[in-house]
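*Asks:* generate coordinates for the sequence data below:
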Amino acid sequence: MPALVLRGAPAVSQTSSTPAAPASPSPANSPALPVPSSNSASQATPQNPPEISSREETTTFTVKVNLVEVRVVVRDPQGHVIGDLKQEDFVLLDNGKPQSITRFSVEKAGTPPVVHEENAPAPAGTPSAQPAASAAAAIPQRYLAYLFDDIHLSTSDLAQARNAAIHQLQTLPPTARAAVYTTSGLTQIDFTDDRAQLAATLDRLMPRPIARMGPTPCPNISYYMADLIQNKQDQRALLTATLDTLHCAYNDDSSQMVAAQQIAKVTALEQLTLNNDETKISLSVLKNVVRRIAAMPGDRTIIMVSPGFINPNQLQEQTEVAERALHSNVVINTLDARGLFTDLPDASQERPYAANTAGTVQMYRTAEMQADDDILAEFADATGGTFFHNNNDLNEGFRRLSAPPEYSYLLGFSPQNLKLNGSYHKLQVTLKPPAKGTIQARKGYYAPKEGADASEQAKQAIEDAVFSQEEVREIPVELHTQFFKAAANDARLSLVIHLDVRRVHFRKVDGRNDNDVTVVSALFDRNGNFVNGNQKVLQLRLKDETLAGRLNSGITLKSSFDVKPGSYIVRLVVRDEDGQLAAQNSAVEIP
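*Replies:* Numbering: from 1, shown residues only. Next up, the predicted model:
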């Protein structure tokens, strides 16, 4: 899925001769200082730069790792989540070395966003302009992505999981939006509140295997055994595969032992290659689903439905997926669709093994089932999610997994003397006595191979804020909305943004007070899909007398979007160069 691009939308032009309409009443002797357009800024001479100018930008956001984040869920002996711990209760180790926790927050799931319903007055000369009506009731607050691993799921397991998911869909609240994706990519529906379409999509699910087609092969070598043979040079696994080949291909003729061993090696290599492709595809699709749901403004949960799969060669890809989910506040819950599985072979589907290998094969089967589960457990642990397994009540499983844990803790630290070599670091989180509980947290991370770029960090901070519903008020900002309908199916949604720059931190440069303030307006539809956005950079080069006396009423900016009738969510994010942030939501309804 492509990276988000916020494209500059036409701004309401402002010049020194046409003051911007203030967003709120202000004293008559303190008018809002107008903001010149980007054209005005370009005409100014370097010797006498304008005090305030703005420019439109097209920005592509990318992810840069600058802080190691660890999401932690703590449960008591009864499995209940503990939500009253403090920063000093945690110990965090990086490769066995204690780390200073520099960021700490307690997060409670399901906290609804704050929605502002104030609207700016219609500007003079446009009597048909109307305040944008509130659509707070339509704002989605939870996004749920069902990801079915149809590459690995069997027919019976997929059918049971599908039916349980359809049942669970009917219990979702009106403010929830759901989507269905598959690892094969052949059956899916994007986020919607249309329960009938979602159920119909689920009903079309079927297994789409890549490596497991046709009758039981000769020899029958699992991914787990293939990994032992090819990657770990396990002689016992090779002998087991050789004896199985001798049994199914040569009727136990011991004189063909060398030929049987060669066939076993070739088959193991083929099986390893095919299953590596399956695993790579599954991880790639999960990564794309994380990207997609990360672009939704609210609580974000993925339910990955899978029998699990071993992952011997793609640990870094797995860690990167978990890292992206963690950074984007995406919870990955996992469900083992096998339920209370048995490790006994299915006599109706499998060719029996020779008597002298059956016990060893059964041992490998049990180990493989445990290894399959490990990757599901790790995704849940790393993102603060829940792993539902070894239980046949899939209805209960989907109920539990439809929302993130009630409480989680986000710990952040900056590793000291970190070598930028891409190496893997083991993480461990424990509790200081007397605090008690079972810890669930990610197990490690990969060091970056290059230093984080400050401008990329700023872009990422803005993107994180845009795709959140959290209200932040480090900078005083007011957002007002109104719309003008030129025709029945066409409207212009206008935003009036009022910024109090007296709370902005300035730096002295060449006798001026400098700061660049980035203002991002983003528009989402009723299902939380990104529709459009624009970004302005407000360049402040203020003289002392201006900062002291002429900015009492602040600065007013305008922005607009061409839209169709419907319900929308407006998200405003303002960030200065020092990292101070403001973020607001507004819900609008255009009839």
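
*Asks:* can you show me the strands along the stretch 201-350 of the chain?
*Replies:* In the stretch 201-350 of the chain, the segments counted as strands under DSSP state E, counting those that start in this stretch are 299-306, 330-336.

*Asks:* contacts only, for the residue nearest to Asn421 when sequence neighbours are not counted.
*Replies:* Using CB to CB, 6 or more residues apart in numbering and skipping the chain neighbours, the partner closest in space to Asn421 is Ala447 (6.2 Å). For the C-beta atoms, the positions are set from N, CA and C on the backbone; glycine is no exception. Counting by CB atoms under 8 Å, 6 or more residues apart in numbering, Ala447 touches 415, 418-425.

*Asks:* distance of Ala447 relative to Ala491?
*Replies:* Noted for Ala447: a distance of 50 Å to Ala491, by CB to CB, to the nearest Å.

*Asks:* then Ala403?
*Replies:* 35 Å.

*Asks:* again with Ser402
*Replies:* 36 Å.

*Asks:* returning to what we had before: okay, Ala403 and Ala491: which has more neighbours?
*Replies:* Using other CB atoms under 10 Å as the criterion, Ala403 and Ala491 rank with Ala491 on top: 21 against 18.

*Asks:* what bridges to that one?
*Replies:* Beta-bridge partners recorded for Ala491 (DSSP bridges): Lys485, Val563.

*Asks:* my guess is it contacts Pro591, does it?
*Replies:* No. Between Ala491 and Pro591 no contact is recorded; they are 9.3 Å apart, counting by CB atoms under 8 Å.

*Asks:* residues shared between the contacts of those two?
*Replies:* Contact criterion CB under 8 Å, 6+ apart; residues shared by Ala491 and Pro591: Pro565.

*Asks:* ok, back up a step: reformat the strands of the stretch 201-350 of the chain as a markdown table; add mean pLDDT.
*Replies:* Written out in a markdown table, the entries for these read as follows (pLDDT from 0 to 100):
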| stretch | mean pLDDT |
| --- | --- |
| strand 299-306 | 94 |
| strand 330-336 | 94 |
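
*Asks:* make JSON lines from those strands and add mean neighbour count to it.
*Replies:* Shown next, in JSON lines, are those (neighbours: other CB atoms under 10 Å):
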{"stretch": "strand 299-306", "mean neighbour count": "26"}
{"stretch": "strand 330-336", "mean neighbour count": "28"}
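
*Asks:* TSV for those, including distance to Thr201?
*Replies:* Formatted as TSV, these follow (distance: least, CB to CB, whole Å):
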stretch	distance to Thr201
strand 299-306	14
strand 330-336	18
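
*Asks:* so which of those strands comes closest to Leu495?
*Replies:* The closest of the strands of the stretch 201-350 of the chain to Leu495 is strand 299-306. By CB to CB, the value is 25.3 Å.

*Asks:* quick one: that closest one to chain centroid distance?
*Replies:* Its chain's average C-alpha position is 11 Å from that of strand 299-306, according to CA atoms, centre = their mean, to the nearest Å.

*Asks:* now what about it, what contacts it?
*Replies:* 109-110, 141-149, 152-153, 161, 165, 282, 286, 289-290, 293-294, 325, 328-337, 376, 379, 385, 398, 401-404.

*Asks:* out of those residues, which end up buried?
*Replies:* Buried members of the contacts of strand 299-306, counted by 16 or more other CB atoms under 10 Å: 109, 141-149, 152-153, 161, 165, 282, 286, 289-290, 293-294, 325, 328-337, 376, 379, 385, 398, 401-404.

*Asks:* for Arg71, give me its contacts.
*Replies:* 326, 382-384, 408-411, 441-442.

*Asks:* now, these that are in strands?
*Replies:* The members of the contacts of Arg71 that map onto strands under DSSP state E are 408-411.

*Asks:* looking at these, which is nearest Leu542?
*Replies:* So of those, ranked by how close each gets to Leu542 (CB to CB), first place is Leu410, at 36.6 Å.

*Asks:* the closest one is in contact with Phe104, isn't it?
*Replies:* Yes. Contact status for Leu410 versus Phe104: in contact at 7.1 Å, counting by CB under 8 Å.

*Asks:* and Ile439, what is it in contact with?
*Replies:* 72-74, 429-431.

*Asks:* could these go into CSV alongside neighbour count?
*Replies:* Listed next are these as CSV, based on neighbours: other CB under 10 Å:
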residue, neighbour count
Val72, 21
Val73, 25
Val74, 25
Val429, 20
Thr430, 13
Leu431, 17
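
*Asks:* is it possible to export those to JSON lines including secondary structure, pLDDT and distance to Thr518?
*Replies:* Converted to JSON lines, the contacts of Ile439 look like this (DSSP: H, G, I helix; E, B strand; the rest coil; pLDDT from 0 to 100; distance: CB to CB, whole Å):
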{"residue": "Val72", "secondary structure": "strand", "pLDDT": "94", "distance to Thr518": "32"}
{"residue": "Val73", "secondary structure": "strand", "pLDDT": "93", "distance to Thr518": "34"}
{"residue": "Val74", "secondary structure": "strand", "pLDDT": "95", "distance to Thr518": "37"}
{"residue": "Val429", "secondary structure": "strand", "pLDDT": "96", "distance to Thr518": "35"}
{"residue": "Thr430", "secondary structure": "strand", "pLDDT": "95", "distance to Thr518": "40"}
{"residue": "Leu431", "secondary structure": "strand", "pLDDT": "96", "distance to Thr518": "40"}
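
*Asks:* where does the stretch 151-300 of the chain dip in pLDDT?
*Replies:* 211-215 (pLDDT under 70).

*Asks:* surely Phe387 touches Ala380?
*Replies:* Yes. If you go by CB under 8 Å, Phe387 and Ala380 touch, sitting 4.1 Å apart.

*Asks:* related to what we said a few turns ago, determine which of the strands of the stretch 201-350 of the chain approaches Thr273 most closely.
*Replies:* Of all the strands of the stretch 201-350 of the chain, strand 299-306 comes closest under CB to CB, at 20.7 Å.

*Asks:* that closest one: partners in the sheet, and parallel or antiparallel?
*Replies:* If you go by DSSP bridges, strand 299-306 pairs up with strand 142-148 (parallel), strand 330-336 (parallel).

*Asks:* just give the nearest non-adjacent residue to Phe561, would you?
*Replies:* Leu493 (4.8 Å).

*Asks:* the one you found: which element?
*Replies:* strand 490-499 (DSSP states H and E).

*Asks:* can you redo the strands paired with strand 299-306 as CSV with distance to Gly566?
*Replies:* Output for these, formatted as CSV (distance: least, CB to CB, whole Å):
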stretch, distance to Gly566
strand 142-148, 19
strand 330-336, 26
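
*Asks:* so for His498, which of those strands sits nearest?
*Replies:* strand 142-148 (30.7 Å).

*Asks:* now the closest one: mean pLDDT?
*Replies:* Averaging pLDDT along strand 142-148 gives 95.

*Asks:* neighbouring contacts of it?
*Replies:* With CB under 8 Å, 6+ apart, strand 142-148 has contacts from 110, 158, 161-162, 165, 172-173, 175-183, 187, 191, 202, 205, 285-286, 289, 292-293, 296, 298-306, 402-403, 528.

*Asks:* helices - which of those residues land there?
*Replies:* 158, 161-162, 165, 202, 285-286, 289, 292-293 (DSSP state H).

*Asks:* can you tell me the closest non-neighbouring residue to the most centrally placed residue in the chain?
*Replies:* Nearest residue to the geometric centre of the chain (CA atoms, centre = their mean): Ala294, 3.4 Å. With CB to CB, 6+ apart as the criterion, Ala294 has its nearest non-adjacent residue at 3.6 Å, and that residue is Ser328.

*Asks:* touching, that neighbour and Glu463? I think so.
*Replies:* No. Ser328 lies out of contact with Glu463 (CB under 8 Å); the separation is 9.1 Å.

*Asks:* related to what we said a few turns ago, would you list the contacts of Ala447 in JSON lines and tack on pLDDT, secondary structure and distance to Ala241?
*Replies:* Formatted as JSON lines, the contacts of Ala447 follow (pLDDT from 0 to 100; DSSP: H, G, I helix; E, B strand; the rest coil; distance: CB to CB, whole Å):
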{"residue": "Pro415", "pLDDT": "88", "secondary structure": "coil", "distance to Ala241": "43"}
{"residue": "Leu418", "pLDDT": "81", "secondary structure": "coil", "distance to Ala241": "43"}
{"residue": "Lys419", "pLDDT": "82", "secondary structure": "coil", "distance to Ala241": "41"}
{"residue": "Leu420", "pLDDT": "78", "secondary structure": "coil", "distance to Ala241": "42"}
{"residue": "Asn421", "pLDDT": "81", "secondary structure": "coil", "distance to Ala241": "38"}
{"residue": "Gly422", "pLDDT": "80", "secondary structure": "coil", "distance to Ala241": "35"}
{"residue": "Ser423", "pLDDT": "87", "secondary structure": "coil", "distance to Ala241": "35"}
{"residue": "Tyr424", "pLDDT": "88", "secondary structure": "strand", "distance to Ala241": "31"}
{"residue": "His425", "pLDDT": "91", "secondary structure": "strand", "distance to Ala241": "36"}
